[in-house]
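> I'll drop the sequence and a predicted model, then ask my questions.
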Amino acid sequence: MPWFGLGVYKVQEGEEALQSVKAAIKAGYRSIDTAALYQNEESVGQAIRESGVPREELFITTKVWNTDQRNDSVLEAFEISLKKLGLDYVDLYLVHWPVKEKYKQTWKVLEKLYKEGRIRAIGVSNFKIHQLEDLMSVAEVKPMVNQVELHPLLAQPELRNYCKKQGIQIEAWAPLGQGRMLEHPVINEIASKYNTSTAQVILRWDLQNEIVTIPKSVKESRIIENADIFDFALSAEDIEKINALNENKRFGADPDNFTF
């Protein structure tokens, strides 16, 4: 699984999604993260086909949405996503949210698809520690990834430590706090020191904390800039300065209190 990829949440189906994914692949991205909810899987699939990059070099993630968990239509949802993407398999399939009373049943379907080789890896999204423990009490295959909201104001240290001990890879959605972190004075100061953007500092912080990160952008210049984070390293002191910003502040929904 690449450490760095493109997220396409709220990227519009059609030309916007097609061009942003093609721009990312052209810029060297090999990981694309979509979901049934995003309603842009067809454009992602088209971009993959038009990119000229062999399928086996790409890492494609999608997710099963909550209504399909509630309706026990997980298998059908997977088939629809696969058809929209135009792929024979996906590299990672995630349970999008821990729908109460349903995520264990959902996981059994993912395990079946994984054993059949139609999914290369299976995981979850937005799971807290107690939900992971509950799921693993019945799982034959342990979740390989937990994709959660994670940025300097919501650093999730306890969850990260737990997942590391369990061998579950943490992945950050909204790593830039949906853009809210880009004007933070502490990160601005650090960015000036390294002659980089604030986004690059945050994404580099992710990598040095062993967090897979998938920033979203639809601008080619920003897509290229975001990926330019492999030729510098933050000092231990600057890592700690960013770590100290944590306020356990969510911009998205709380997995224990969501209604969708």
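It's in. Note that this is a predicted model, so its numbers are computed, not measured. Numbers count the residues shown, from 1 in each chain.
> so Trp205 makes contact with His151?
No: at 9.2 Å, Trp205 does not count as touching His151 under the criterion of Cβ atoms under 8 Å. Every residue, glycine included, has its C-beta placed from N, CA and C.
> what does the helix or strand that contains Ile223 contact?
Using DSSP states H and E, Ile223 falls within helix 220-227. When contacts are defined by Cβ atoms under 8 Å, 6 or more residues apart in numbering, helix 220-227 is touched by residues 4, 6, 19-20, 23-24, 27-29, 197, 199-200, 203, 215, 217.
> Apply the buried test to these and list what passes.
Buried residues within the contacts of helix 220-227, counting neighbours by 16 or more other Cβ atoms under 10 Å: 4, 6, 20, 23-24, 29, 197, 199-200, 203, 215, 217.
> How much space separates the nearest residue to Gln156 once chain neighbours are set aside from Glu171?
Nearest residue to Gln156 in three dimensions, chain neighbours excluded: Leu150, at 5.3 Å (Cβ to Cβ, 6 or more residues apart in numbering). Separation of Leu150 from Glu171 (Cβ to Cβ, to the nearest Å) stands at 8 Å.
> can you map out the helices along the stretch 101-250 of the chain?
103-115, 129-136, 157-166, 185-194, 198-208, 220-227, 236-243 (DSSP state H, counting those that start in this stretch).
> Please identify the deepest-packed of the ones you listed.
Of all the helices of the stretch 101-250 of the chain, helix 198-208 has the most neighbours on average by mean count of other Cβ atoms under 10 Å, namely a mean of 23.
> Check what contacts that one and list those residues.
3-4, 150-152, 172, 175-176, 181-184, 187-188, 190-191, 194, 196, 212-213, 215, 222, 225-226, 228-229, 232-234, 239, 242.
> OK, contacts around the residue of the chain most remote from its centre?
Distance from the C-alpha centroid of the chain peaks at Lys193, with 28.5 Å (Cα atoms, centre = their mean). Applying Cβ under 8 Å, 6+ apart to Lys193 gives the contacts Asp238.
> Repeat that for Gly252.
Per Cβ under 8 Å, 6+ apart, neighbours of Gly252: 149, 173-174, 178.
> pLDDT averaged over stretch 120-134 - what is it?
For stretch 120-134, mean pLDDT is 98.
> Check the separation of the first and last residues in that stretch.
With Cα to Cα, to the nearest Å as the measure, stretch 120-134 spans 23 Å from end to end.
> residues in contact with it?
1, 63, 89-98, 103-104, 107, 110-111, 113-114, 135, 141, 143-149, 158-159, 162-163, 166, 168-169, 173, 253, 255-256.
> mind listing the strands for this structure?
Counting by DSSP state E, the chain has strands at residues 6-7, 31-33, 59-64, 92-95, 122-125, 145-149, 169-173, 212-213.
> Rebuild the ones you listed as CSV, extending it with distance to Arg49.
Below are those laid out as CSV (distance: least, Cβ to Cβ, whole Å):
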stretch, distance to Arg49
strand 6-7, 16
strand 31-33, 13
strand 59-64, 12
strand 92-95, 19
strand 122-125, 25
strand 145-149, 25
strand 169-173, 25
strand 212-213, 25
